[in-house]
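Participant: Whatever this is, show me its structure:
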Amino acid sequence: MPRTLDPELRRALAERVRYCNEMGIYDFYRRETAGGTSASTFQPKLREEMATRKSAAAAVIVEEKLPGLSSCAERGVADPIAALKMIREDLGDCTRCKLHQQGRKQIVFGVGNPRAELMFVGEGPGADEDAQGEPFVGRAGQLLNNMIKAMGLRREDVYIANIVKCRPPANRQPERDECETCSPFLMRQISAIKPRAIVALGATAAKNLLAINAPMSELRGRWYDFKPAGSDASWGGARLAVTYHPAFLLRDPRQKGEAWKDLQMVMKHLGIEPPKKVV
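Facilitator: Got it, this is the predicted structure:
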C-alpha cells in the first residue's frame with residue numbers, strides 16, 4: 001500500500017512535478033541514498049527502462065484549487081446518488097475553461113450505475129454525445145456497449161465518464177488546461193462511486209489519470225493503484241487498467257483482440273465470467 005503523505009508535503013511534491021512537466025520531464029524514479037534510504041530523483045527515465053518495470057504503479061491524484069471549484073461539499077455523503085447530484089450541481093453551467101465558448105451544446109456529465117464496481121473513462125464528448133448529453137452514444141459508444149456485453153455486463157451496470165465534459169471543437173484532443181480544469185470533477189465522481197476497477201480508454205484518458213507520459217504499449221497490460229486525494233479513508237481505492245479507445249478500434253479493428261486481453265484482465269480482477277455462447 002502506498003504511504004499516505006502529509007497534505008503540505010503532497011502539495012509541495014505536486015508543484016515540483018508540475019514544474020518538471022513544464023520543463024519536459026515526465027518520468028521519475030527512486031534511487032537509494034548512501035544511508036540506504038530511498039530518495040526521489042527528478043530525472044528523465046529511459047523508455048527501455050520503463051518497459052522492463054514489472055511492479056504496479058501507484059497514482060496519487062492531487063486536487064488543485066481552481067476557479068469556481070467548491071470544497072467538495074459531497075464529502076461525508078454516503079449515498080453515491082446524492083453525492084453525484086451535488087457534484088453535478090456544483091459543476092453547473094460550467095464556464096471554467098474556454099470549451100464553453102467553442103460550440104458545445106451541453107455538458108456531458110456521466111451516466112450509469114452510481115454504485116458500479118467498474119468505471120470507464122474516455123477522452124471527451126463527440127458530436128453525438130454533445131447532442132444527447134450522454135457519453136459514448138455514437139459509433140464508438142456502440143462498440144463500447146458491445147465490449148461491455150462481451151464481458152457479461154450491461155451498460156447500466158457500469159459508470160461511464162470522460163476527462164473533459166464539453167466537446168472540444170472538431171473533436172480535437174482536449175488541451176492541457178482544459179483537462180486540468182475539468183478533471184477535479186471526474187476525481188470527485190470517482191470518489192463518490194468508489195469503483196473496484198477503472199478502465200482508461202485511450203492514451204489521453206490514461207495519461208491524464210495517471211500523469212504518466214508514455215505510449216500505449218507501455219501503459220497497457222498492467223495494473224495501477226488509483227485513489228483520488230481526499231477520498232473516503234475506508235475505501236481502499238480502485239485498480240486502473242488501460243486499453244484502446246473504441247474510436248481507435250473502429251479505425252484499426254486488428255487491435256480488438258488486444259483490447260479483449262485488457263478486458264479479460266479486468267474481468268479476472270472483478271471475478272466476472274464471460275457469458276457462454278449459445279450453440
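Participant: what's around K276, how many residues?
Facilitator: With neighbours defined by other Cβ atoms under 10 Å, the count for K276 comes to 7. All C-beta spots, glycine's among them, are computed from the backbone N, C-alpha and C.
Participant: Just the buried residues of the longest helix seen in the chain, please?
Facilitator: For the chain, the longest helix by residue count, based on DSSP state H, is helix 176-193. Neighbour counts over helix 176-193 (16 or more other Cβ atoms under 10 Å) mark 178-193 as buried.
Participant: And the next helix or strand past that helix?
Facilitator: On the C-terminal side of helix 176-193, the closest following helix or strand by DSSP states H and E is strand 197-201.
Participant: Now do that next one: everything it contacts.
Facilitator: With contacts defined as Cβ atoms under 8 Å, 6 or more residues apart in numbering, strand 197-201 is touched by 117-123, 144, 190, 206, 209-210, 219, 226, 238-246, 262-263, 266, 269-270.
Participant: For the stretch 1-150 of the chain, which segments count as strands?
Facilitator: 29-32, 38-41, 57-61, 111-112, 118-122 (DSSP state E, counting those that start in this stretch).
Participant: Can you tell me the number of residues neighbouring the closest residue to A247 other than its chain neighbours?
Facilitator: Excluding the flanking residues, the one nearest A247 by Cβ to Cβ, 6 or more residues apart in numbering is A140, at 4.2 Å. Applying other Cβ under 10 Å, we find 23 other residues in the vicinity of A140.
Participant: which stretch of helix or strand covers the residue most central in space within the chain?
Facilitator: Centroid check for the chain by Cα atoms, centre = their mean gives L209 as the closest residue, at 4.1 Å. Counting by DSSP H and E, the element that carries L209 is helix 203-210.
Participant: centre of the chain versus that helix, how much separation?
Facilitator: Distance of helix 203-210 from the chain centroid (Cα atoms, centre = their mean, to the nearest Å) equals 6 Å.
Participant: if you average pLDDT over that helix, what comes out?
Facilitator: Across helix 203-210, pLDDT averages out at 96.
Participant: One more: stretch 74-89?
Facilitator: Here the average pLDDT along stretch 74-89 is 95.
Participant: Likewise for stretch 104-112?
Facilitator: Averaging pLDDT along stretch 104-112 yields 97.
Participant: Go ahead and name everything in contact with it.
Facilitator: By Cβ under 8 Å, 6+ apart, the list of residues contacting stretch 104-112 reads 84, 88, 91, 93-94, 119, 125, 129-131, 133-135, 155-162, 165-167, 189.
Participant: try 6 Å
Facilitator: Residues outside stretch 104-112 that contact it (Cβ atoms under 6 Å, 6 or more residues apart in numbering) are 88, 94, 125, 129-130, 133-135, 158-161, 165-167, 189.
Participant: among these, which two are most distant?
Facilitator: Spatially, the most separated pair among the contacts of stretch 104-112 is C94 and V158, at 24.2 Å (Cβ to Cβ).
Participant: Just want to know which of the two has more residues nearby.
Facilitator: Set side by side, C94 and V158 show more neighbours around V158, with 21 against 18, by other Cβ under 10 Å.
Participant: Verify the stated contact: the more buried one with A116.
Facilitator: Yes: under the criterion of Cβ atoms under 6 Å, V158 makes contact with A116 at 5.0 Å.
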